[in-house]
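Asker: dropping the sequence and predicted coords here.
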Amino acid sequence: MTSYMTETSIILYKTLDLTGQSCAGVVGELSGVYEEMRPGEYVDVLIKSDSGKKDILAWASRVGARVREAQSGGAAIRLLVDRVK
Amino acid sequence: MKTIAVAGGGIGGTIVANRLCERLRPEIEKDEVKVAVFDRSGQHVYQPGQLFAGFGLEQPSDLVKSEEQLLSPKARLMQGKAGEITKIDVANHALNTGDGKSHPYDYLVMATGSVLDWDLVPGLKESMLSVWDMEGAQRHLAALRGFQGGTIVVNVARLPHKCPVGPLEETLMLEDYLRRRGLRDKTELVYAYPIPGVFGIPNVNKVMTRIYEERGIRVVSPFTVKAVDPQGKTIESNEGEKLKFDLLLGVPPHMGSKVVGDSAVGDRRNWVPTDKFSLQMKDHSDVFVMGDTTDIAISKAGSTADFESYVVADNVANGIRGSDVRKEYDGSVFCFIATGMSTATYIRFNYNTPPVPPPPSGVNWWSKIAYNKLYWSVTAKAMV
């Protein structure tokens, strides 16, 4: 994570734990936070399933977000979602 | 004397205050503990009932009671200027109020809720009728009574919002309402939702999508509303779609309460950073957060606040008594989902267990009504 931040000078906006059930779903929760973010910020997202990852990637390509996968240190999948514009 | 301040007298604040008064009754009776609820209006609105008011199934006057009627006599209600919180000062462990006073606390429970952010979308306020506020529910009913056919768009502007199953209920009740009035054949019903499908939880989305198909409801998603033209009666999305409507219903964007922003204790949408298990505000162990106020990825619903209230009340009471025992919130949520004017299903889930909605039935419909009616005498008073 540290090297990632150093490489890109992108600022962490917040961490979003989406490993639990939520009515808005992973994309609903993430899209709400994404709208709050400014270009040059990223959100650190934890999800539980590959289907959630697939949904996030599809959403990201639609809105122009950049997604990188990072080590989670646990069973969860960790994605870093950048707001680039 | 230890002081527990409860910020907000909505569903969450009222239930947790009553539960705290019950848990800490001996200490309160000995004047060792005080529970103070801060609520400017002193009026308690049962917001989940507004959907029914929008269809003429509830009288608005039946959805409002004075907070004094609901709170335990052992709690102290601060209302008017004395209940208007002007600053949540977590650094100095105090609430400042509109009468110029500062109220130190040993524990704070933040239950300041959410508000509607109409201005985020140009033209929305002029065009949308929403049962997410009481006045809107009354206008919703008047508009339905005058409706003679055309296109109705039900739009959810942004996620998350209060009562996440509400748009499903509104759409399916509306479809049934139109059939009963002989207007279904003259009406195109469109559901425009900001994420793919009709709901965020895959199991529920699957069941509800099938019901929408069976009932001939057109789904346009993802549809993130960008602007509404009140004169031209069109709603436009970031995704490039433009829909015409004769009637626009739905849910405006939500955000946390203004005092959270004014006090700089929330994020940019005024949701308060909260630990999903302990419900403590991050970096502030003497502050608990519940209901719509949190930034937890969980449903913003009355039942969420109710489930959370057990954890918050027990942990605050244990803290007051010097006990290290702590409960954790497991993400429990329970919501009925009306699927028409006489049927309903429900979802019950937590962080780790997804919901499996049963087939809609009349029994669930009457259970939903009973749950609403029992709110005043059982749920709000923390009788169970």
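Answerer: Noted; the coordinates are in hand. Numbers count the residues shown, from 1 in each chain, chains lettered A, B, ... in the order given.
Asker: tell me the helix or strand right after the lengthiest helix in chain A.
Answerer: Assignment by DSSP state H gives helix A:50-63 as the longest helix of chain A. Using DSSP states H and E, the helix or strand that follows helix A:50-63 in sequence is strand A:66-70.
Asker: contacts only, for B:I28.
Answerer: Residues near B:I28 by C-beta atoms under 8 Å, 6 or more residues apart in numbering or on different chains: B:21, B:34-35, B:74. C-beta coordinates here come from the backbone N, C-alpha and C atoms, glycine included.
Asker: no wait, B:Y193
Answerer: B:155-156, B:167, B:199, B:219-223.
Asker: please redo it, this time with the cut-off set to 6 Å
Answerer: Contact analysis of B:Y193 by C-beta atoms under 6 Å, 6 or more residues apart in numbering or on different chains lists B:156, B:221.
Asker: out of the contacts of B:I28, flag the one nearest to B:Y346.
Answerer: B:C21 (29.9 Å; C-beta to C-beta).
Asker: pretty sure that closest one sits against B:R76.
Answerer: No - with contact defined as C-beta atoms under 6 Å, B:C21 does not count as touching B:R76 (10.1 Å).
Asker: so which of these two has more stuff around it?
Answerer: B:C21 (21 against 14; other C-beta atoms under 10 Å in any protein chain shown).
Asker: Provide the secondary structure category for the more buried one.
Answerer: Using DSSP: H, G, I helix; E, B strand; the rest coil, the structure places B:C21 in helix.
Asker: distance of it from chain A?
Answerer: Computed as C-beta to the nearest C-beta, to the nearest Å, the B:C21 to chain A distance reads 30 Å.
Asker: contacting residues for that residue?
Answerer: Per C-beta under 6 Å, 6+ apart, neighbours of B:C21: B:35, B:72, B:74-75.
Asker: residue numbers of chain A in contact with chain B?
Answerer: With C-beta under 6 Å from any C-beta of the partner chain as the criterion, chain A comes near chain B at residues A:18, A:20-25, A:27-29, A:32, A:36.
Asker: which one (most neighbours) among the residues you listed?
Answerer: When neighbours are taken as other C-beta under 10 Å, the top entry among the residues of chain A next to chain B is A:G28 (29 neighbours).
Asker: and the angle for the helix or strand encompassing it with helix A:50-63?
Answerer: A:G28 belongs to helix A:25-36 when assigned by DSSP H and E. Using axes from the mean of the first three to the mean of the last three C-alpha atoms, to 10 degrees, one finds that helix A:25-36 and helix A:50-63 are set 30 degrees apart in direction.
Asker: could I get the average pLDDT for helix A:25-36?
Answerer: Averaged across helix A:25-36, pLDDT comes to 94.
Asker: again, but for stretch A:40-58
Answerer: 95.
Asker: and it, what's buried?
Answerer: Neighbour counts over stretch A:40-58 (16 or more other C-beta atoms under 10 Å in any protein chain shown) mark A:41-48, A:52-53, A:55-56 as buried.
Asker: surely B:I369 is in a helix?
Answerer: Yes - according to three-state DSSP, B:I369 belongs to a helix.
Asker: near it, how many other residues are there?
Answerer: If you count neighbours by other C-beta under 10 Å, B:I369 ends up with 16.
Asker: so B:S342 touches B:V363, yeah?
Answerer: No - counting by C-beta under 6 Å, B:S342 stays clear of B:V363, with 10.8 Å between them.
Asker: may I ask which two of the residues of chain A next to chain B are separated the most?
Answerer: A:Q21 and A:E36 (22.4 Å).
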